[in-house]
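K.L.:
sequence and predicted structure, then a few things I'm wondering about:
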Amino acid sequence: MTDARALTPRLPTLRLLIDGQHVEPVEGGTLPVINPATGEPLCEAPAATAPDVDRAVRAARRAFEEGPWARLGGRARGNVLRRFAELLSSRRDEFALVESLNNGKTFRQALSGDVGPGAATLAYFSELAGHCLGEVLPVDGPFHTYTRREPLGVVGAIVPWNYPTCLACWKLGPALAAGCTVVLKPSELTPLTALKLGELALEAGLPPGVLNVVPGLGDQAGEALARHPEVDKLSFTGSGRTARRLLQASAASNLKKLTLELGGKSPQLVFPDADMDAAVEACFWGIFSNKGEICNAGSRVLVHRDAYEPFVERLVARARKMVVGDPLDARTEMGAQVSEKHLMTVLGYIRSGVEQGARLLTGGARDTGGDRARGAFLQPTVFGDVGPGMRIAQEEIFGPVLACMRFDDDAEALEVANGTPFGLAAGVWTRDVARAQVLAQRLRSGVVWINCYNEFDDAAPFGGFRESGWGRDLSHHALDGYTQVKAVWTKLPPV
Ligand code: NAD
């Protein structure tokens, strides 16, 4: 792996990207961009407000209705998307460095978990672009009737800060493959790689207006995009709280369609016959990968009573050995939380766990060792004897805090596993294939991983049941979310 500390960060052009032009925000606002590992400013990014979003949406509308993009066939769009993917892949170090400095995640995770997968997703959808197929329908009567899959139009893509490059690509890949045009609003905390993606898209040959990038505050740029009557669809990844606002904005404007990828409180169920080495490692990374800032973090580990004590002991021992520190150091396993404010939220949850009677087994405090005192570092934290009703067992913490619980039988495990408002992912650890399959059917979540966790592939859909979301990212199911079906009837003369 490249030595990240030897690289010089290449920041993007710090202006909005609208209609193929880098422009200053109309109201001249800026967003402070902080390196959470040092607490120091990296730069000031432009902050879009409603007038900028309006310009961006109008550019996207023109590009959709009149521009060459609308007239290109699927395979031709796929060729542009493939160039976009290749450019991102060839500059992955450069992107990963900026992501690591801006988000606090390790350079290694930025490379392998964020930028690399983002490029792969663009490449995957470049292949699917020529496959938006219709069908000929066997209707009764003298008709030739078929369906066409047509692009939905202008997409507002609103993404969070935890996987800024990857999640932007999860939206851009299928939207562009389908023939939509996009206004991308990254999180105010991590606007840099979205602006860099905008530059790459132009270099790849995306016509002006097809991708516009408008960093800004959620309640300004985000809200303006959500309320804009010329936006046909919102593709959102973020919190349930914001999702509810988007639904209201859609209802108050033009009933724009929504894909919502929201939070989770995903359980991992461990049975005594499991491969314990593999299960410990997967439960460890399931919560501590990307500093716990993962929507599908395995934040609850449910262990059968017979295996609970030794299993949790091993998990705690692994957590105590975790290397927390400089995100650019190749030996570091966990970097800094995304911001000081987020760190305070996570510490609040840790306090609630203690107050509600959970047993703090390791961690539980800010990590202030050495240089880490300057940044937003947390100790990897494991609670034991967690009750299913406690806040740390019910609410998404989005940080490196694991809740361990005991169960007696499969029925209890299922009841606890399904006993939150969420339903994003679940893990099952057992060598009993029949048990695993029954649980896979009865767990209420969009993904079930059996004897593995956190596995992703562009061909497999990702998304949630219940309050974890609507619709799916990745796979051909994602493409459905950016197209609409038209039925065409032709009356045939008698022969
Ligand atoms: P958030 O909802 O606060 O922000 C997400 C995005 O929405 C940001 O770009 C923000 O600026 C924007 N936003 C905020 N208020 C808005 C408004 N009123 N109108 C329009 N846009 C607005 O979430 P976050 O804190 O950035 O991210 C963490 C959340 O994202 C967690 O709940 C996590 O589980 C979820 N998440 C889900 C997935 C998934 O695929 N299911 C992946 C990653 C993160």
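P.N.:
Sure thing, it's come through.

K.L.:
contacts and neighbour counts: CA atoms only from here.
P.N.:
Fine.

K.L.:
where does pLDDT dip in the stretch 201-350 of the chain?
P.N.:
Under the criterion pLDDT under 70, no range of the stretch 201-350 of the chain is flagged.

K.L.:
which residues of it fall in strands?
P.N.:
Secondary structure of the stretch 201-350 of the chain (DSSP state E, counting those that start in this stretch): strands at 211-213, 233-237, 257-261, 267-270, 300-304.

K.L.:
the third one to strand 233-237, inter-axis angle?
P.N.:
Okay, so that is strand 257-261. With axes from the mean of the first three to the mean of the last three Cα atoms, to 10 degrees applied, the angle from strand 257-261 to strand 233-237 works out at 10 degrees.

K.L.:
which residues are contacting strand 257-261?
P.N.:
Applying Cα atoms under 8 Å, 6 or more residues apart in numbering, the external contacts of strand 257-261 come out as 232-238, 243, 247, 250, 463-464, 468-473, 481.

K.L.:
go on, the fourth one?
P.N.:
Contacts with strand 267-270, where a contact means Cα under 8 Å, 6+ apart, come from 279, 283, 298-304, 413, 417, 425-430.

K.L.:
hang on, the earlier thing: would a markdown table of the strands of the stretch 201-350 of the chain with mean neighbour count and distance to the ligand be doable?
P.N.:
Shown next, in a markdown table, are the strands of the stretch 201-350 of the chain (neighbours: other Cα atoms under 10 Å; distance: least, Cα to the nearest ligand atom, whole Å):
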| stretch | mean neighbour count | distance to the ligand |
| --- | --- | --- |
| strand 211-213 | 30 | 12 |
| strand 233-237 | 25 | 5 |
| strand 257-261 | 24 | 4 |
| strand 267-270 | 30 | 14 |
| strand 300-304 | 25 | 14 |
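
K.L.:
compare the ones you listed and give me the one nearest residue 219.
P.N.:
Nearest to residue 219 among the strands of the stretch 201-350 of the chain is strand 233-237 (14.3 Å), distances taken as Cα to Cα.

K.L.:
which ones among the contacts of strand 257-261 map onto helices?
P.N.:
When the contacts of strand 257-261 are checked against helices (DSSP state H), the matches are 243, 247, 250.

K.L.:
looking at the residues you listed, which is nearest the ligand?
P.N.:
residue 243 (6.8 Å; Cα to the nearest ligand atom).

K.L.:
adding distance to residue 175, write the strands of the stretch 201-350 of the chain out as TSV.
P.N.:
Formatted as TSV, these follow (distance: least, Cα to Cα, whole Å):
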stretch	distance to residue 175
strand 211-213	10
strand 233-237	9
strand 257-261	12
strand 267-270	31
strand 300-304	34
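
K.L.:
show me the helices in the stretch 201-350 of the chain, by range?
P.N.:
Residue ranges of the helices in the stretch 201-350 of the chain, as given by DSSP state H, counting those that start in this stretch, are 223-227, 240-252, 276-288, 305-320, 340-355.

K.L.:
the ligand contacts on the chain?
P.N.:
158-161, 185-188, 217-219, 222-223, 226, 237-239, 242, 245-246, 261-264, 294-295, 463 (Cα under 6 Å from any ligand atom).

K.L.:
any of these buried? List them.
P.N.:
Among these, the ones that count as buried by 16 or more other Cα atoms under 10 Å are 158-161, 185-188, 217-218, 222-223, 226, 237-239, 242, 246, 261-264, 294-295, 463.

K.L.:
name the nearest residue to the spatially most central residue of the chain, ignoring sequence neighbours.
P.N.:
Centroid check for the chain by Cα atoms, centre = their mean gives residue 167 as the closest residue, at 4.5 Å. Closest residue to residue 167 in three dimensions, ignoring its sequence neighbours and counting by Cα to Cα, 6 or more residues apart in numbering: residue 159, at 6.6 Å.

K.L.:
ok, that neighbour to residue 217 distance?
P.N.:
Distance check for residue 159 against residue 217: by Cα to Cα, to the nearest Å, it reads 12 Å.

K.L.:
between these two, which contacts overlap?
P.N.:
Residues touching both residue 159 and residue 217 comprise residue 187, with contact defined as Cα under 8 Å, 6+ apart.

K.L.:
thinking residue 41 is in contact with residue 34, fair?
P.N.:
Yes. Contact criterion Cα atoms under 8 Å: residue 41 and residue 34 qualify, at 4.3 Å.

K.L.:
more neighbours: the two, which one.
P.N.:
residue 34 (22 against 12; other Cα atoms under 10 Å).

K.L.:
wait, a strand at that one?
P.N.:
Yes. The assignment for residue 34 (DSSP: H, G, I helix; E, B strand; the rest coil) places it in a strand.

K.L.:
what distance do you get for it to residue 101?
P.N.:
Residue 34 sits 8 Å away from residue 101, taking Cα to Cα as the criterion.

K.L.:
residue 11 now?
P.N.:
11 Å.

K.L.:
neighbour-wise, which of these two wins?
P.N.:
residue 101 (25 against 16).

K.L.:
just the element for the more buried one, please.
P.N.:
Residue 101 belongs to helix 92-103 when elements are defined using DSSP states H and E.
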